[in-house]
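[1] Let me see the structure of the following:
(4 chains, ligands or ions: 4)
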Amino acid sequence: MTDETGPSLAPALEMRGITKRYPGVVANDGINLQVRPGEIHALLGENGAGKTTLMNVLYGLATPDEGEILLDGKVVTISGPSDAIARGINMVHQHFMLVPVLTVAENILLGDETMANRIFLDRREAHRRIIELGRRFGFEIDPEAKVGSLSVGWQQRVEILKALYRNARILVLDEPTAVLTPQETDEIFGVLRRLAAEGHSIVFISHKLYEVLEIADRITVIRRGRVVGERLPSATDEDDLAALMVGREVQLTVDRGESHPAGVVLEVAGLEVRDDRGQPAVRGVDLEVRAGEIFGIAGVAGNGQDELVEAIVGLRKPAAGSVRLAGKDVTGHSPRMMNEDAVAYVPADRHRFGLILSFPLADNLVLTSYYRSPYARGIVRDPRAIQRDAVTSIERYDIRTPSATVRASTLSGGNQQKAVVAREFDRDLKLLVLDQPTRGLDVGSIEFIHHQVIAKRDAGTAVLLVSAELDEVLEMSDRIGVMFEGRIVAVVDGRTADKNAVGLLMATGGEERPPVPAATA
Amino acid sequence: MSAPPSPAPAQARSRRSLGARAWAVLAVPALVVILSLLLGAVVILGSELIVTGRKFDPWLWFTAYAALVQGAYGSTDAVIQTLVYSTPLVFGGLAVAFGFKAGLFNIGAQGQFLVGALGAVIVGVALADAPAPIAIVAATIAGIVAGGIWGFVPGFLKAVSGAHEVVSTIMLNYVAVQLLAALVSGPLKVPKSPSPVTYDVGNAAFPIVIGATGHIGIILAIVAAGFVWWLLFRTTWGFEIRSVGANPDAARYAGMRPKLLIVATMTFSGALAGLAGTSVLLGVSHSMTSSFGTTVGFDSIAVALLARSNPLGVLPAAVLFGSMRAGAGLMQINAGIPVELVDVLQATILLFLVASPVLRRLLRLRNVEAGITTAAPSPGLGAGTAP
Amino acid sequence: MDLTPIINGLYGIPVVGLVFQLAGYLVSVIPQNGPNIMQQATPLALGAICGVLCERSGVVNIAIEGTMLAAAFTAWVVGVAIQPMFGTPNPSDIFGITLPLLIALAAAVLVAMAISALHAWLSISLRADQIISGTIINIAAAGLTGYLNQLISQNSPAGAGEFARFVPPAALTNLPVIGWVLALLLNQGPISISVIVLVVGTQVWLFRSRWGLRTRAVGEHPRAAETVGIDVIRTRYRNVILGGVFAGLAGAFLSIEATNSFQQNMTAGRGFIALAAMIMGRWTPIGSFGAALLFATFLQIGTLINIAPPSGQLGSIMAGVPPQLFDALPYILTIVILAGVVGRSTPPAADGQPYEREAAT
Amino acid sequence: SGSPTPVPPTVAPSVSAPSVAPSTPPASVAPSSTPAPSFAQKPGLKIGVVTDIGTLDDKGYNEFSFKGAQDGATAIGVTDPVPSIVPKDASEYAADIQQFVSQKFDVIVTVGFNLTTPTVDAAHKNPNIKFIGVDQSPECILPTGAPDPNFACKGVPATALPNYTSLYFAEDQAGYLAGIVAAYADKGAATPTGVIGAIGGTTLCAPCVRYIQGYTLGAQSVNPSITVKSAYVTHDFSNAAFNDPAGGKAFAQTFIQANKPDVLFQVAGKTGNGVLEAACAANIYGIGVDVDQWASLGAPANACIITSAEKHVESAVAQAIEGIAAGTLTAGDVLFNAKNDGISAADFHDKASLFGPEVTTALNTAMAAMQAGTLVTCPATGCGVAP
Ligand SMILES: Nc1ncnc2c1ncn2[C@@H]1O[C@H](COP(=O)(O)OP(=O)(O)OP(=O)(O)O)[C@@H](O)[C@H]1O
Ligand SMILES: Nc1ncnc2c1ncn2[C@@H]1O[C@H](COP(=O)(O)OP(=O)(O)OP(=O)(O)O)[C@@H](O)[C@H]1O
Ligand SMILES: [Mg+2]
Ligand SMILES: [Mg+2]
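    Ligands and ions are numbered 1, 2, ... in the order given. Modelled structure (predicted):
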């Protein structure tokens, strides 16, 4: 690894005074950034700080309003991704940019194809190079596997292979570890270190402080579109970084208080559920959630959590097993019936499930109760009652919106989520099911939602919390179930759980074997 | 962090004066119609020059448009006839618009129109001598039900197996033509008639309420538009339908039943299209020949698009296209312009509407509404798109 | 061993007998009608390939019908217009090709490409709803061709001639088993004969070439494609316009190969049936071709029952059924197949969705 | 004729024998060369034509009816162009006729049996306007002159509706003559198959069926053992029946493949033009319909046409208009048959060498017998009804 002086004088990459404005937001406000050859440079910032935007500018996906980009000391204009790639810049995006129905090889080749002649691909040569490249970085991958059938960790590797295949000099990774287990994270870190040692420059984006401290050679912190500080890992700590990032002293843990579990509310026994393709996704889950407790489910995304939750709330028919609510068998009940039984559900994907973006906020606030009094009499709706209650909710849940009549799509992500929460929390509940309730939100919104959840728990609601953020599960839950390949492989106490132990369970299911290689998909 | 609240567009809108609002709503449609007529004039003159070899008349386009207007509005009878032409377009436009609201493209209004008329004629003939109120109501209901069945089938197939409604309704259009031929030349045929034709519907015919041809279907159409609007925007059922159209996943999450709603929507849409056929049969033709056909089904799509799927917007849109149809006869008489010019005009109107963002940019129009859209981006023409 | 008694016995069982009779009838008539089936399948297959190219890149194209119609009109009208300049054309021995015919064909293809470019502009650049854009084109094409045809035909010009069909040597078509397949494919005019080449070509191209790979990526996950430097907009434009070539060929086939004339609404819904074939063929050229052949076979069976109904018990049953049933049969079967067999086929993920650059992530 | 049953046109000379302008010379066989003597000057007469759905350019029936109206107008010295309306769908018939009524036209010609009821209705309501209906017999009216929806046909057209004249034709006689030619052509073929064929547009078109019935009898009169195969492209009034040459060609190819005829007679409008293409492509003979298609289609499409079964629509319409001008046209059904030069077989043109003198003799004999009313050219039962 390089020290401050570095082997080369000119930075491999320099961004000067980058400003990028979006309607209503200045996403980047005169940002300066220098990345040296062979350096792992971390970009740290809250949600919405402007990290992705800055990298989109670098990658030609966004055009800056001001500022310039220098590569090896020369000013360049990057007109688009292909331009960026041609200059050796590559990016692993925050959201996977893989085509699920294409094979690993096709995904890697895409855009920079190895050709047999002017028209046709040279698949054999491509396969050879992919396998060879994989070996060099310590994993072996089947180029013919369909990407959609790979686990998230392996998809992440495909993303990295994609960049390596293009001989990236500068590699940007936007929150590459968000969906990985600690063990997978370690493996990816290994790959990154090897790359840096070979002279690649790496920009590593994250808002996980300990990760940044572990991997980075240098850290740039941005807040609200501005650079607020540069640190060396050796000269800082988590509290310092957090304060920089958020702009005030923050309490890094939630005060969840004492829980007082009462009778069993949710009882799941031998539940089996199939996914959209008809494959078993949940394979015999037993769990109990009591009134007044938060039961967290930890697990790497794609291990059956979504299917489990959907089966509980009635969106998916279980293949076997039973769901009981306060002693009553509710297996296979419809979402409407569950809703009537005082079950609320905050879905993971608020754009897909939680909201109808083209509808007014008021309509979204009654999306699950529109048919009930006072919002409707018989089949006739009462717009005035809907409007009235919307105004109340907006106030109570601090939804920042010009009015209740604007379309939900015009709200910011955090406020959209608050709208969902307002709708689902605003009545007496037996059971509250939360799937990734704070994904993509800023600290303030997260805090707000966490407090609301705890309040619900304290009011005697049983809470089932699913999150891919292990930290969130650890901070919030009274008990934690670890989900692996469709099973709950362990249930641990939320207050005493060890992060690494849970991470290992998430990665291996508790068995003494290495993670399954993807090569056989 | 949430961005500071931007000025509320809704409030801003309500503060604007009535004139400004009228301008905002009407500027683009008016401009679009004018541009289309200009383009139509170019087509007329161009084809005169290049194609027909007639003596060139630089004012032919004016003659044509004057005839179009005169044919549609030249006399009280003409105006009433225009309304008669518009009536099935209102029902058909409502049928298509209603489907759009649920994210469904009912291109089968054509077939549902025929089958609806068939239902009306069967019952109408059977009750030709019954007391008029009974006969009319029964025949109308028969037409609605028949059209509804023809809409139910693709809705059901979509809900159950995911068969895309665009393809299945197109196929059903062909089947409807054959069904009509089989019945009109078979069991429904007047035995003594040399050519296939059914008996008259007698007392089941719609009463004439205005002028010589203005049947009660005209009033029914206005009522239907209001009813559909009410249904869509004032009832829980309409809310569910719009929800399914805008986001089927969220609708399911919210406890609605998208599959059931798809079936119901297609059935209702089919019933409206069936009512279009019924209104023509009971209001205009009173019996059915084997050549009973129509372009209403396809014109209805244009009407619904022009109305931006708004049930109340369907009324003026249908009258616009109905006027063109009504005036086309005189246009042929006075200017020798083929009736197909009307289709050209319809298409250009829609084209300019779709391109209105460009128009607005070119003409630097601000503060005006534009564009036509269905409820949601149309899903791919796939069989697997059922929610 | 003599099977006659067994077969006769089977014929005797009510339903089984009818099934046997039907099978026997179909086996006896279908092979002879191979070339006719291919004639019916040609515009459907070409239209379906147009659909495949568009939808694989994420653009729904229901304007195939209108594009075909406009191309058919263009081929005919250009032929009519330019023929006088070439005096009496001397049809060549191969396919009866004349210069005016070739020019007419080229004009048809160009017009179809231009219309597709319009669809591309509306749906890709203006991000209009693709179904709406397609509908507009359909209405415009029907109106404009109808309008001009009315005017032109008042002068009653004769057609410009048509491509002739190749007659394969009897040695080939008499081959056992494959003979009728060869006749089906080869006893055709130039456009029809090229279909098999085009189908195989586009299939290979779609799944083996760079363009094909990029097309599929753009139709599935345009943002991912863009992040690896693929110009999504341009890829879609290219595919839609290239698709126009196939719709143009289909249209030209109708007016200067299958016949020598143009009629209002001559496409008669073939563009829509082509879409059904595309879906049944699961968005692949070969699958679409198979679906088109299947539909054409149904059509042909309907015609055959009409022209030369089977004899015996089956024939008398058929005679008792309204003949309209057989006319409707291809459409009913299409619905049945669509609903039953291919219900679960999935379109490209981004099919029908406008793509916006710089979309918020 | 007032008879409740359709009159098989051959049974007897029509009650209202041809009273059409006896002073005009019989129309020549080739319609394009009709001379237009203008003596009955009536410059003020306004004449309009409403055709059936589809187009004016079918190179047959609609086109030549329209030309007949133009010829008639010219003949009586009308200088204004004769406008025409081509309806878009069946519900438009009445409104399109009404357009001419509103514009105060004096003579309205409507073409096709599908327009019978709207025409009769308009005639009843507008006694001062003369109506000519082509192929609209027998009209079926109430004693008041209104159309009879129940087909009891109690009214006598000639007296109850003095302003309406229906022109109809003995298609079976024309078909008979074509059949004779076909049978001889089969005999003279290089390898006679003993099979001739006929393809009709739709079973629902009674005139089409009569053509083919006459054709069959005519062929059998020459060769009793000849096989006459016939088929109908469709059984409805969709485009496929009369407006789809591509479909007609494909249909005919299959037909030829299955039946191996030596001669193919088309009775299917523009669809039939495709039939003739297929016949020529298969190197068999074709027979045209309605007008002399050898002349109307022209080279090279006429390469294999040996004759056409003609009904003299053009001259019939022209004569009727002249009759109106001269005040000699009688109301009611006017049958055009062999007696009044209403039908014929067209000239052999370049195929004359195929036929010996015996063919001409046979044709003349049949013609004479038809004129004498002694030849049966249509089955006694089921004339005009497809099997
Ligand atoms: N295309 C866009 N249009 C409008 N605003 C945008 C767009 N892209 C980003 N923004 C806004 O710019 C700001 C910075 O967003 P950016 O995605 O760069 O944040 P980030 O630091 O990557 O956050 P996260 O940690 O959530 O990924 C946000 O307020 C965001 O809403
Ligand atoms: N694609 C977009 N188009 C238009 N406006 C957008 C877009 N994305 C975001 N905005 C606007 O930018 C503002 C910030 O959005 P964003 O979702 O980034 O909020 P945020 O700062 O991250 O807040 P939150 O913490 O609530 O997520 C919002 O007011 C939103 O309306
Ligand atoms: Mg945000
Ligand atoms: Mg980001």
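
[2] any low-confidence regions in chain A?
    Chain A contains residues with pLDDT under 70 at A:1-9, A:24, A:47, A:179, A:248-254, A:277, A:440, A:442-443, A:511-521.

[3] For it, list the residues in contact with ligand 1, please.
    Near ligand 1, the residues belonging to chain A are A:22, A:25, A:27, A:45, A:47-53, A:94, A:207, A:440 when assessed by CB under 6 Å from any ligand atom. For glycine as for every other residue, the C-beta is placed from the backbone atoms N, C-alpha and C.

[4] Of the residues you listed, keep whichever come out buried.
    The neighbour count (16 or more other CB atoms under 10 Å in any protein chain shown) marks A:25, A:27, A:45, A:47-53, A:94, A:207, A:440 as buried among the residues of chain A next to ligand 1.

[5] Next, format those residues as a markdown table and append secondary structure and distance to D:Gly288.
    Shown next, in a markdown table, are these (DSSP: H, G, I helix; E, B strand; the rest coil; distance: CB to CB, whole Å):
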| residue | secondary structure | distance to D:Gly288 |
| --- | --- | --- |
| A:Val25 | strand | 76 |
| A:Ala27 | strand | 76 |
| A:Gly45 | strand | 84 |
| A:Asn47 | coil | 80 |
| A:Gly48 | coil | 79 |
| A:Ala49 | coil | 82 |
| A:Gly50 | coil | 79 |
| A:Lys51 | helix | 79 |
| A:Thr52 | helix | 74 |
| A:Thr53 | helix | 75 |
| A:Gln94 | coil | 73 |
| A:His207 | coil | 84 |
| A:Gly440 | coil | 75 |
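
[6] Make a markdown table from these and add distance to D:His349 to it.
    Shown next, in a markdown table, are these (distance: CB to CB, whole Å):
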| residue | distance to D:His349 |
| --- | --- |
| A:Val25 | 83 |
| A:Ala27 | 82 |
| A:Gly45 | 90 |
| A:Asn47 | 87 |
| A:Gly48 | 86 |
| A:Ala49 | 89 |
| A:Gly50 | 86 |
| A:Lys51 | 86 |
| A:Thr52 | 81 |
| A:Thr53 | 81 |
| A:Gln94 | 80 |
| A:His207 | 91 |
| A:Gly440 | 83 |
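
[7] I'd like the distance between the residue positioned nearest the centre of chain C and ligand 1.
    Taking CA atoms, centre = their mean, the centroid of chain C lies closest to C:Leu44, which sits 1.4 Å from it. From C:Leu44 across to ligand 1, the span is 43 Å (CB to the nearest ligand atom, to the nearest Å).

[8] Look at that residue and report its pLDDT.
    Per-residue pLDDT puts C:Leu44 at 95.

[9] So which residues of chain B form strands?
    B:208-210, B:214-215 (DSSP state E).

[10] One more: chain D?
    Using DSSP E, strands in chain D cover D:47-50, D:84-85, D:107-111, D:130-134, D:164-169, D:195-202, D:227-234, D:263-267, D:285-290, D:305-311, D:332-336, D:343-345.

[11] The shortest one near chain C anywhere?
    No: taking CB under 8 Å from any CB of the partner chain as the criterion, strand D:84-85 and chain C are apart, separated by no less than 9.9 Å.

[12] Sheet partners, orientation included, of that strand?
    Applying DSSP bridges to the sheet, strand D:84-85 is found paired with strand D:47-50 (parallel).

[13] Nice, that's everything, thank you.
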